[in-house]
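**Student:** sequence plus predicted model, see below.
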Amino acid sequence: MWRNLLALHQVSRRTISTASRRQIENRVPEKQKLFQEDNGIPVHLKGGVMDALLYKVTMGISVLGTAYVLYELTVASMPKKQK
């Protein structure tokens, strides 16, 4: 128990630094220009190849899920055959 208290005391005495070790460049203005540009591309595809890939995968999963639900509804609506 004393070890925990001593560890807590030691941690509480350390100063917390808000300065990061590595400075990260602010790219928000660049992204704002990209997404506000009127070039006829839908906003959900303006991010590039990864956005297009994510969109296509999401739409594929949605279509397959809808087809599977329709299949299961069809199977559930058919009466079971008596043996």
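**Tutor:** That came through fine.
**Student:** what's the distance between the residue most central in space within the chain and residue 34?
**Tutor:** Residue closest to the average C-alpha location in the chain (Cα atoms, centre = their mean): residue 54, at 10.0 Å. Distance, residue 54 to residue 34, using Cβ to Cβ, to the nearest Å: 17 Å. (C-beta placed from N, C-alpha, C; glycine too.)
**Student:** equivalent analysis for residue 28, please.
**Tutor:** Separation of residue 28 from residue 34 (Cβ to Cβ): 11 Å.
**Student:** which of these two has more neighbours?
**Tutor:** residue 34 (14 against 8; other Cβ atoms under 10 Å).
**Student:** so that one makes contact with residue 43?
**Tutor:** No: with contact defined as Cβ atoms under 8 Å, residue 34 does not reach residue 43; the gap is 10.1 Å.
**Student:** distance of residue 56 from residue 28?
**Tutor:** 27 Å.
**Student:** same deal with residue 57?
**Tutor:** 27 Å.
**Student:** pLDDT (mean, whole number) over the biggest helix by length in the chain?
**Tutor:** Ranked by residue count under DSSP state H, the longest helix found in the chain is helix 49-77. Mean pLDDT, computed over helix 49-77, is 96.
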